[in-house]
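**Student:** the following block contains a protein sequence and its predicted model.
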Amino acid sequence: MSTTAEFFFKYHGLGNDFIVLDCRQGGTDIDAKFSQWLCDRRRGVGADGVLSLLPSDTALARMVVHNSDGSIAEMCGNGLRCAVKYLVDHSGEKPERIEVETGAGILTCMPGYGTDGVAEVEISMGPARLIAPNLPSGATGQPFLGEAVPGHSGLRGYAINMGNPHLVLLDQPLEDASRLGPVLERHPDFPERTNVEFVRVTEEGLAAVVWERGCGLTEACGTGACAAAVAAVLARRLPADAWLRVTLPGGDLHIRVPSDLSDVRLRGPVSFVFTGVVPDLPGR
Ligand SMILES: N[C@H](CCC[C@H](N)C(=O)O)C(=O)O
């Protein structure tokens, strides 16, 4: 099924790249096959995901996140920053804040402006959730913090949910991401699969590599950076209520974790790349 969007708009946040489709007029989203094709870096446009913007009764738009494997994610931090740049730059206005409906709730986004429209976006990401119901601790309503990952006794993980699931491995070598990421993404105690963060605590904050659910290794991951910072604060390795720098392969994101975990903040740059005409899916 194609979409009611006539044009696509390509953006990235630190190299985590997305195709934005504005479907608010016709209201028709794409299906898994169409998003897989659009994301194909040889046969399609190429991206880590597709962000469909649909009508919303409660916000400027509802954002649906399609991973490059065609699966749907509840939330995407870098993607929401890209969607905000599209929505604001095409509005003819320069609002201080806008609201977007996501799978993690209605989130408030604060654009920062440069010479070419929105240059940076801060997002109020909402709370970090700590209960992973299928992990052993989840059955008793306890958080999974720094415990041995079932079936991987040498790994200690933090299950942090930012609307989407994350398994954070503090002090795990970043170079293990391509080997261990695909195994842990499909860990049986994460029936919806999970994103996996490999994190080193540094003087300035964190260094992280993320194996993303439904995408694989990416240059950056907004919700992953938030989950990594929450884990480091809970482990008392970094301070709460302070802006922390998370260095990813594509660059730096800044995260602020409140001591009550109620409203995690994500801030980072966003770039427009190009636009094009949405063709019908070949062979359909
Ligand atoms: N692959 C993720 C969605 C995109 C998250 C990431 N790109 C971000 O910036 O938060 C998932 O399935 O949960």
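**Tutor:** Happy to help now that I have it. The model shown is predicted, which means the values in this text are computed figures rather than measured ones.

**Student:** look at residue 83 and give its secondary structure.
**Tutor:** helix (DSSP: H, G, I helix; E, B strand; the rest coil).

**Student:** my guess is it contacts residue 100. True?
**Tutor:** Yes: judged on Cβ atoms under 8 Å, residue 83 makes contact with residue 100 at a distance of 6.4 Å. For the C-beta atoms, the positions are set from N, CA and C on the backbone; glycine is no exception.

**Student:** setting the sequence-adjacent residues aside, check what's closest to residue 193.
**Tutor:** residue 213 (4.7 Å; Cβ to Cβ, 6 or more residues apart in numbering).

**Student:** for burial, what's the neighbour tally of the one you found?
**Tutor:** Neighbour count for residue 213, taken as other Cβ atoms under 10 Å: 25.

**Student:** that one reaches residue 197, doesn't it?
**Tutor:** No: with contact defined as Cβ under 8 Å, residue 213 does not count as touching residue 197 (11.4 Å).

**Student:** what strand or helix carries residue 193?
**Tutor:** Using DSSP states H and E, residue 193 sits within no helix or strand.

**Student:** that one and the ligand, how far apart?
**Tutor:** Distance, residue 193 to the ligand, using Cβ to the nearest ligand atom, to the nearest Å: 7 Å.

**Student:** ok, that residue - contacts?
**Tutor:** Applying Cβ atoms under 8 Å, 6 or more residues apart in numbering, we find residue 193 in contact with 71, 165, 185-186, 213-214.

**Student:** please apply the same query to residue 109.
**Tutor:** Residue 109 touches 80-81, 84, 97-100, 121-124, counting by Cβ under 8 Å, 6+ apart.

**Student:** quick one: buried ones out of those residues?
**Tutor:** Among those, those classed as buried by neighbour count (16 or more other Cβ atoms under 10 Å) are 80-81, 84, 98-100, 121-124.

**Student:** hang on, the earlier thing: which neighbours do residue 83 and residue 100 have in common?
**Tutor:** Jointly contacting residue 83 and residue 100 under the rule Cβ under 8 Å, 6+ apart are 61, 63.

**Student:** just the ones of the buried ones among the contacts of residue 109 in helices?
**Tutor:** Counting by DSSP state H, the part of the buried ones among the contacts of residue 109 found in helices is 80-81, 84.
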